[in-house]
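Q: Prediction below, plus the sequence it came from.
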Amino acid sequence: MAILRAVLASTFVALVAMPMTAQERGQRGGQPAARPMTMTITGFADGGQIPVKFSQAAEGAAPGEGTSPAISWSNVPPGTQSFFLHMHDMEVVRNKTTDDQAHWVVWNIPANVTSLSEGEPKGAQLPNGAYQFSATGQVYRGPGAPANGPMHHYMFELYALDTKLDVQPAADAFESRTNVMKAIQGHILGKAVYGGLFKRPQ
């Protein structure tokens, strides 16, 4: 009996010492965990195939360009001062380095903006004031993986930052991206990721 009481007592202590989960804290009146920031691209499913409309193969598109998709996001972290969007092709390695292809680098998106329209215009800055760059220039660069190879993975990464970046466009997208990546360190409040697959149609 004494042994049984000791076992029960130690079990009770262990249960009391166990930390509550975020859900349990919410149920007991504590602060629930914040929901993660999410991103949606209405033109294709996360992990799905990117339509030709948004690629370099789109009808009427200049080489290296295309129509940018509509992008929206929600659950923005408190204290966000700006956003940074990074679209890149994970299969293309640049000049035998760790750099992959920069398809869209957009920074200093204002904190009160929660979407980018389909077909954002060319230019150093978008209508909302954000800077943009790609391997093609100051414009969105659509996917362009060749038809005779495998599908390429294109990742859209959105960062919520606690600051507005003091970064001006550099000579090209790769230098600009490097400068932005350095500047965001220590300022990331949240991140959302969305992916798509593409290769040119036969």
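A: That came through fine. All values reported here derive from a predicted model rather than from experimental measurement.
Q: hey, let's count contacts and neighbours off CA atoms from now on
A: OK.
Q: Counting neighbours, which bits of stretch 194-201 end up buried?
A: By 16 or more other C-alpha atoms under 10 Å, the buried positions in stretch 194-201 come out as 194, 195, 196, 197, 198, 199, 200.
Q: would you turn the residues you listed into TSV with distance to residue 108, pLDDT and secondary structure?
A: Shown next, in TSV, are the buried residues of stretch 194-201 (distance: C-alpha to C-alpha, whole Å; pLDDT from 0 to 100; DSSP: H, G, I helix; E, B strand; the rest coil):
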residue	distance to residue 108	pLDDT	secondary structure
194	20	98	strand
195	22	98	strand
196	24	98	strand
197	27	98	strand
198	28	97	strand
199	30	95	coil
200	32	93	coil
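Q: Just flag the most distant two among those.
A: Using C-alpha to C-alpha, the two most remote members of the buried residues of stretch 194-201 are 194 and 200, lying 20.2 Å apart.
Q: From what I see, residue 172 and residue 133 are in contact.
A: Yes: contact criterion C-alpha atoms under 8 Å: residue 172 and residue 133 qualify, at 7.4 Å.
Q: quick one: what helix or strand has residue 156 in it?
A: If you go by DSSP states H and E, residue 156 is part of strand 152-161.
Q: Please put the alpha-carbon coordinates of that strand into CSV.
A: This file holds the C-alpha atoms of strand 152-161, laid out as CSV (Å, rounded to 0.1, in the frame of the first residue of the first chain):
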residue,chain,number,x,y,z
HIS,A,152,11.2,23.2,-61.7
HIS,A,153,10.2,24.2,-58.1
TYR,A,154,9.3,27.9,-57.8
MET,A,155,9.0,29.2,-54.2
PHE,A,156,7.2,32.3,-53.1
GLU,A,157,8.4,33.4,-49.6
LEU,A,158,6.9,36.3,-47.8
TYR,A,159,8.5,37.8,-44.7
ALA,A,160,6.9,40.1,-42.2
LEU,A,161,9.5,42.5,-40.8
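Q: which is the next helix or strand following it?
A: Assignment by DSSP H and E places the next element after strand 152-161 at helix 173-184.
Q: list the helices and strands that next one packs on?
A: strand 100-110 (3 or more C-alpha pairs under 8 Å, 6 or more residues apart in numbering; DSSP states H and E).
Q: what about the strand it packs on, average pLDDT?
A: Mean pLDDT, strand 100-110: 96.
Q: Contact partners for the residue nearest the centre of the chain?
A: With distances taken as C-alpha atoms, centre = their mean, the chain has residue 157 as the residue nearest its mean C-alpha position (1.5 Å). By C-alpha atoms under 8 Å, 6 or more residues apart in numbering, residue 157 lies in contact with 85, 86, 87, 191, 192, 193, 194.
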